[in-house]
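In: okay, predicted coordinates and the sequence, questions at the end:
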Amino acid sequence: MPMLPLSPRTATVVRGIGRTLIGAGTLLLLFVAYQLWGTGVAHSREQARLEDRFDAQLAEVGRMLPDDDASTGDPPPDESTTTTLPPELVAALDPSPGDPVARLRMPTIGVDEIVVHGVGVADLRKGPGHFPDSPMPGQPGNAAIAGHRTTYGQPFHDLDRLAPGDEIHVDTLQGSFTYRVMPHEGPEGDERGHFIVPETAVEVLDDAGDDRLTLTACHPKFSSRQRIIVTAELVDEPAAPLPDAERPGTDDAGSVDAPGPDPAPGDGAAADEDFGEGLGGDPDALVPAVAWSAAFLVALAATALVGRRWRRWPAYLVGAPLMAVPLVVAFAHIDRYLPAY
């Protein structure tokens, strides 16, 4: 049966809807590409800058401490480990959010990342983030680090590939430390190097009575519904901790909370909380996202208008950079507003 011809007005509306849908689909694909690859470029740039800063910090610490001021190993006789940390190093171990604090290397899965202090939105976009309330890696207790699995370099993408016994190396201002991945029983009774907990099982960050490293990331990929957890025991002697008054897990009098047993997922007192990582997005990014999106639409409309009155392809060639700049900036703010995994 032959199709009835459309009226000019209807044809115009149909063409307009079709072009709008094609344009929206193209923008959506471009945004997905930005999230998967563009964020990786930003992450690589931040990591290069952080590596330079961290190397400079290591050099500075090496210059200001004498050779016999080793910060790892057994303390000198008749001295408490809480007083062996030189004042200069105590000051250096008081970073601000986003500052580099360690280098994390996991040869089994090809990870070599600079760890920053903090787990906020901006922090985790730079690299893996150290939970501020946990000890520094290498120090006594449970040092905890969070990272993304699918965006911003996806440093923890392959945490599930770590096997019991795999080594994790961490370099800090106090020295180099080796951790060994601990075994956990899988749902089918198999032994694996990770376990899965609800997003509220923050007790995995508690002191378990040993010296360990806890790595956390979203699970499954592209979702924050659960967390994948890897724990690794410290093989070396721990570094000297911060003075009691500054150590996480101590009260105002300086006494350390008694360590508890290895935390069982879902049984902690903080089960109604979450890990507090910067995964939920930044609400403050909404206004600039809308503003830059509007700027892109204005540039697009202006380019289309010039193309109609002049020549289409030369107009779009000239207008391309004028549209690309606000579009990329808009993508950056939209990505910052949305959850990141």
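Out: Noted; the coordinates are in hand. Residues are numbered from 1 along each chain as shown.

In: so the residue nearest in space to the middle of the chain is in which element?
Out: Centroid-nearest residue in the chain: residue 124, 2.8 Å away (criterion: CA atoms, centre = their mean). Per DSSP states H and E: residue 124 is located in helix 121-126.

In: where along this protein do the strands fall?
Out: Along the chain, the stretches classed as strands by DSSP state E are 100-106, 111-117, 129-130, 142-146, 167-172, 175-181, 184-185, 191-192, 195-198, 212-219, 226-234.

In: what is the fourth one packed up against?
Out: Okay, so that is strand 142-146. strand 129-130, strand 212-219 (3 or more CB pairs under 8 Å, 6 or more residues apart in numbering; DSSP states H and E). Placement of C-beta: from N, CA and C, glycine included.

In: out of these, nearest to residue 9?
Out: Nearest to residue 9, of all those, is strand 212-219, at 49.5 Å by CB to CB.

In: low-scoring stretches of the stretch 201-341 of the chain, by residue?
Out: 243-274, 276-280 (pLDDT under 70).

In: swap in 80 and give it another go.
Out: The model of the stretch 201-341 of the chain has pLDDT under 80 over residues 224, 242-281, 339-341.

In: any idea which of the helices and strands packed on strand 142-146 is most buried?
Out: Among the helices and strands packed on strand 142-146, strand 129-130 has the highest mean neighbour count (mean count of other CB atoms under 10 Å), at a mean of 26.

In: now do stretch 30-40: everything it contacts.
Out: Contact with stretch 30-40 is made by 125, 150-154, 327-328, 331-332, 334-335, as judged by CB atoms under 8 Å, 6 or more residues apart in numbering.

In: redo that, cut-off 7 Å
Out: For stretch 30-40, the external contacting residues (CB atoms under 7 Å, 6 or more residues apart in numbering) are 151-153, 331, 334-335.

In: same thing with stretch 219-234?
Out: When contacts are defined by CB under 7 Å, 6+ apart, stretch 219-234 is touched by residues 149-150, 159-160, 162, 168, 177, 179-182, 193-199, 201, 204, 210-218, 275, 279, 339, 341.

In: with stretch 130-142 instead?
Out: By CB under 7 Å, 6+ apart, stretch 130-142 touches 93, 101-102, 115-119, 143-146, 170, 172, 174-175, 177, 205-208, 211-214, 238-239, 241, 248-249.

In: what about 6 Å?
Out: 101-102, 115, 117-119, 143-145, 170, 172, 174, 177, 207-208, 211-212, 214, 238-239, 241, 248 (CB atoms under 6 Å, 6 or more residues apart in numbering).

In: in ChimeraX, how would I select just the buried ones from the residues you listed?
Out: Burial among the contacts of stretch 130-142 is assessed by 16 or more other CB atoms under 10 Å; the matching ChimeraX selection reads:
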select :101,102,115,117,118,119,143,144,145,170,172,174,177,207,208,211,212,214,238,239,241,248
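
In: just flag the most distant two among the contacts of stretch 30-40.
Out: 153 and 334 (18.9 Å).

In: that older thread, and the strands of the chain: which comes nearest residue 16?
Out: Ranking the strands of the chain by distance to residue 16, with CB to CB as the measure, places strand 212-219 first at 39.9 Å.

In: strand 100-106 and the closest one, what's the angle between them?
Out: Strand 212-219 and strand 100-106 are oriented at 80 degrees to each other (axes from the mean of the first three to the mean of the last three CA atoms, to 10 degrees).

In: how far is strand 212-219 from where the chain is centred?
Out: 11 Å (CA atoms, centre = their mean, to the nearest Å).

In: that strand pairs with which strands, and in what direction?
Out: Strand 212-219 pairs in its sheet with strand 142-146 (parallel), strand 226-234 (antiparallel), by DSSP bridges.

In: export only the CA atoms of the longest one, formatted as PDB.
Out: As requested, C-alpha coordinates have been extracted for strand 226-234 and formatted as PDB (Å, rounded to 0.1, in the frame of the first residue of the first chain):
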ATOM      1  CA  GLN A 226      28.500  -2.800  46.600                       C
ATOM      2  CA  ARG A 227      32.300  -2.600  47.400                       C
ATOM      3  CA  ILE A 228      35.000  -5.000  46.300                       C
ATOM      4  CA  ILE A 229      37.600  -5.300  49.100                       C
ATOM      5  CA  VAL A 230      41.200  -6.500  49.000                       C
ATOM      6  CA  THR A 231      43.200  -6.900  52.200                       C
ATOM      7  CA  ALA A 232      46.900  -7.400  52.300                       C
ATOM      8  CA  GLU A 233      49.200  -8.000  55.300                       C
ATOM      9  CA  LEU A 234      52.300  -6.000  55.900                       C
END
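
In: can you list the buried residues in it?
Out: Quick answer for strand 226-234 (16+ other CB under 10 Å): 226-232, 234.

In: equivalent analysis for stretch 123-137, please.
Out: 123-132, 134-137.

In: show the average pLDDT along that stretch.
Out: The average of the pLDDT scores along stretch 123-137 is 94.

In: tell me the contacts of the closest residue to residue 306 other than its chain neighbours?
Out: Computed as CB to CB, 6 or more residues apart in numbering, the closest residue to residue 306 that is not its neighbour in sequence is residue 315, at 4.4 Å. Contact analysis of residue 315 by CB under 6 Å, 6+ apart lists 303, 306-307.
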